[in-house]
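Student: Got a sequence here, can you build the structure:
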Amino acid sequence: MAETEVASPTEETSQQDFDIDLNLGNLDLTSQDFDFDEVGGHIQENLEDETVKEALQKGLDLRVYARQIEEDLMKVEQESLDDYIAEAVNMAALHSAIQECDFTLQQMENLLGTFQADLGNISEEIQNLQDQSLSMNQKLKNRKVVQERVGAHVQALSISPDLVDAICNEQVGDKFQEALGELHTKLTFAGGLSPDVKSITDVSVDLEKLKMKAVTKIRESCMQKIGAMKKPMSNPQLQQNALLKQKPSFEFVVKHHRQIAAEIRDEYIDTMGKVQLTYFKTYLARLLKLQYEEVPDKDDLLGTEDTVKRGFFSSKPSLKSRSTTFTIGDRGKVLQELESPILVPLAVKERDDIRLPYERIFRSFQYALLDNCAREFLFCSEFFSVKDARAYEFFKTVMGKTLALLQKHIETYVQTTYDSISLVLCARICSAYEDIMNKKNIPCLQPYFESCLEMIWPRFTTIINLNTESVKLTDPQKLAAADTRPHYIVRRYAEYSGALLSLQEGKVYEQVTTGLDQLREEVENFILRMAAEFPGRKEQLIFLINNYDMMLSVYQEHLHATQGEAIRIHLKVKTQEFVEEELSPHIGGLMAFVKQTELQLKRSETINVDPKRVQALISGFAKDWKVAIASMNEDVMRAFTNFKNGTVIIESILTQFVDYYDRFLALLKLPAFKRTTGTWTDLVGQHNIIVEIKKHRTTF
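Tutor: The predicted structure follows:
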């Protein structure tokens, strides 16, 4: 410790050389003052130190040990001081650098503070700018809204020179109608505003003038085209097409001047109604000049006596211009020409001065009506913008008088005609045209066609009832001498019923079916009454067969097997009876013998054989069988002129002839007919009969 307290001169010199006033501030560790009063407080704690405990345990002197430690501390302190002194320049430089850094940091702090203050100001300015931007944006939006509304308002109300020029100077056409659309928009817009609006008061007068100018021009144009329809030889369809092109113009008038629109509509209704009425009145009158001069009347009934009408100055029948009454002929072709062009009276009359049945005239003016009405209905629906019930009512105002004219004509014809075939043809024409209109979805003529049918069918029923009654009241005794050939009344009925049935192909009419059923019953009764006028049963059967065969042939010709079934049954029964009647004069005895003997065998009765009778039958047959075949063949040839029917009957007779003889031979083979002495003589071989029959097969 003493050595450390005395310093050598060299050390003093060194200390003096480095006696530098270092102001290290907080970094100067030697400048700290220690409070040794606190050391006592820690003695106890130091005694508990592990190092102290270890020294005590070793028995060391604490004072020596303390001095040693103190020396070590001084040494460490001196070394530390030497380190500090060695690093004094660096520490001074570091201190200067730290001071400069502090100064620089202070400047930076001041600069950052200023910058922070500036940023705060800028943030406020940005907030102010943002608020201003939002305000300006809202103002811009408001101005745009106002501009759009005001601009639209101004645009909707402003009247351009081009608009005025188009309305005032352009003809009614595409450019004019384009201007009408613009004017309509302005009028509609102005009409939706209050009259107190200043802009309305400024333009209302000009808009009204333009509107009246446009309405006036449209009215003149429409009236001109409607008036052109009245000119002779004009085509109303062309004017209607021109009006359809001006439909937007007429719609403008409807929206802005209903009185003028009503005037145009009324003028069209009146004009077109007169045009259609005049056309059909003239056309119908010219068509009727082509009709047959002579038509069926009240005397042209099935039961009327078979006479012909004659000319006043001639004894020859006047049939050139008369329609068929009970036959259809080629009249049914009119149903295949439903959509053929209408008749042109002048062109038809120039061709050999021909005459036509009424149904062809009826077809022609009905088809003309169909075409005109379909076109008229579509035009009215399109141009006047009416639909459904309103369209039909409008159509009736235009075509009502024309339809009434034609209905009156049809009613007059129906009430006076006795041509039932013509009525059925007219009914089918009406039904066909009604179907055509329905397929086109144009129902305007449905009530008209229904009214026509309501007039036609009752009259048809009346006429067919008159024919039925005429047959019922016919007295066979008052007619000419009876003839076995088909009666003219039956012939008429067959042709008449066949004609009516042929007109039902594809469509069945209850009135026709019911009427024919009643008429057939009366005709069958008449045939029976007429047959009763013949004295012999054979003649009666011939008459019945001929009439039934003729009726059946007509039914087969018209392919109506159902209607002919009852007649076929009657014909079969009467033919079988006629076969028996025809055989009876020739082999009646043999027939009676066969029937009687077969009946006895069936009843198991005892057969009493008379050899003389049997031999007489055999001899008589052998003598007359060839004559009988020839005679029956001649009788059938005379009685039945129908080749097919005569062939069937003669074959039935000869078949039955052979059958009776075969049955007779079969009976002769029975034990009861075996002779005790000899055999039956003069028996004819079956082969001989067959050969003879074949000779007569080519007769028919």
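Student: can you give me the helices in the stretch 501-650 of the chain?
Tutor: 510-531, 537-557, 561-603, 611-639, 643-668 (DSSP state H, counting those that start in this stretch).
Student: Pull the number of nearby residues for residue 650.
Tutor: When counting by other Cβ atoms under 10 Å, one arrives at 24 neighbours for residue 650. Where you see a C-beta, it was placed from the backbone N, CA and C, and this is true even at glycine.
Student: So for it, what's the pLDDT?
Tutor: Looking at residue 650, its pLDDT reads 89.
Student: Tell me which residue is most central in this protein.
Tutor: Note on the chain: the residue nearest the mean C-alpha position is residue 439, at 7.9 Å, using Cα atoms, centre = their mean.
Student: how close does that residue get to residue 392?
Tutor: As for residue 439, its distance to residue 392 is 18 Å (criterion: Cβ to Cβ, to the nearest Å).
Student: Residue 375 too?
Tutor: Note on residue 375: its distance to residue 392, by Cβ to Cβ, is 15 Å.
Student: Comparing the two, which residue is more hemmed in?
Tutor: The residue with more neighbours, out of residue 375 and residue 392 and counting by other Cβ under 10 Å, is residue 392; that gives 17 against 14.
Student: Now the more buried one: closest residue in space, sequence neighbours ignored.
Tutor: residue 444 (5.8 Å; Cβ to Cβ, 6 or more residues apart in numbering).
Student: got it, and residue 212?
Tutor: residue 257 (7.9 Å).
Student: Tell me which residues touch the one you found, please.
Tutor: Contact criterion Cβ atoms under 8 Å, 6 or more residues apart in numbering gives 211-212, 215 as the residues in contact with residue 257.
Student: Then residue 533?
Tutor: Remark: with contacts taken as Cβ under 8 Å, 6+ apart, residue 533 is in contact with 476-477, 482.
Student: other SSEs contacting whichever strand or helix holds residue 207?
Tutor: Of the helices and strands defined by DSSP states H and E, residue 207 is found in helix 198-228. When contacts are defined as 3 or more Cβ pairs under 8 Å, 6 or more residues apart in numbering; DSSP states H and E, helix 198-228 sits against helix 88-157, helix 161-169, helix 174-191, helix 236-245, helix 247-256, helix 258-288.
Student: looking at it, residue 283 is touching residue 365, isn't it?
Tutor: Yes: the pair residue 283 / residue 365 is scored as a contact, 6.3 Å apart, by Cβ atoms under 8 Å.
Student: Distance across stretch 238-256, terminal residue to terminal residue?
Tutor: End-to-end distance for stretch 238-256, by Cα to Cα, to the nearest Å: 27 Å.
Student: what's in contact with stretch 403-414?
Tutor: Stretch 403-414 is contacted from outside by 277, 280-281, 284, 358, 362, 365, 369, 396, 423, 426, 448, 451-452, 455-456, 459, using Cβ under 8 Å, 6+ apart.
Student: Of those residues, which belong to helices?
Tutor: The helices in this structure, assigned by DSSP state H, contain 277, 280-281, 284, 358, 362, 365, 369, 396, 423, 426, 448, 451-452, 455-456, 459 from those.
Student: Can you verify my assumption that residue 594 contacts residue 666?
Tutor: No: in terms of Cβ under 8 Å, residue 594 does not count as a neighbour of residue 666; the distance is 9.1 Å.
Student: the more surrounded of those two?
Tutor: Set side by side, residue 594 and residue 666 show unequal neighbour counts under other Cβ under 10 Å, the larger going to residue 594 at 20 against 11.
Student: List the backbone torsions phi and psi for residue 328.
Tutor: Note on residue 328: backbone dihedrals following degrees, to the nearest 10 are phi -90, psi -30.
Student: how about the residue lying closest to it once chain neighbours are set aside, secondary structure?
Tutor: Beyond its immediate neighbours in the sequence, the residue positioned closest to residue 328 (Cβ to Cβ, 6+ apart) is residue 499, lying 3.6 Å away. At residue 499, secondary structure determined by DSSP: H, G, I helix; E, B strand; the rest coil is helix.
Student: Let me know how buried residue 499 is, in neighbour terms.
Tutor: Residue crowding around residue 499 was assessed by other Cβ under 10 Å; the count is 23.
Student: Just the pLDDT at residue 189, thanks.
Tutor: Checking the pLDDT column for residue 189, the value is 68.
Student: next one: the one 4 residues further on
Tutor: With respect to pLDDT, residue 193 has a value of 60.
Student: what are the ranges of the helices in the stretch 351-500 of the chain?
Tutor: Using DSSP H, counting those that start in this stretch, the helices assigned to the stretch 351-500 of the chain run over residues 358-383, 388-416, 420-439, 446-472, 488-502.
Student: deepest of those helices, which one?
Tutor: With neighbours defined as mean count of other Cβ atoms under 10 Å, those peak in mean count at helix 488-502, which reaches a mean of 23.
Student: what's that one packed up against?
Tutor: helix 420-439, helix 446-472, helix 510-531, helix 537-557.
Student: tilt between it and helix 510-531?
Tutor: Using axes from the mean of the first three to the mean of the last three Cα atoms, to 10 degrees, the interaxial angle of helix 488-502 with respect to helix 510-531 works out to 160 degrees.
Student: residues in contact with helix 488-502?
Tutor: Residues beyond helix 488-502 that count as contacts (Cβ under 8 Å, 6+ apart) turn out to be 302-303, 306, 326-328, 332, 420-421, 424, 467, 471, 474, 512, 515-516, 519-520, 523, 526-527, 547, 550-551, 553-555, 557-558, 560, 563.
Student: Under the pLDDT cut-off, which ranges of the stretch 251-400 of the chain? List them.
Tutor: The stretch 251-400 of the chain contains residues with pLDDT under 70 at 306-324, 347-353.
Student: Verify the contact between residue 335 and residue 430 for me.
Tutor: No: using Cβ under 8 Å, residue 335 is not in contact with residue 430, being 11.7 Å away.
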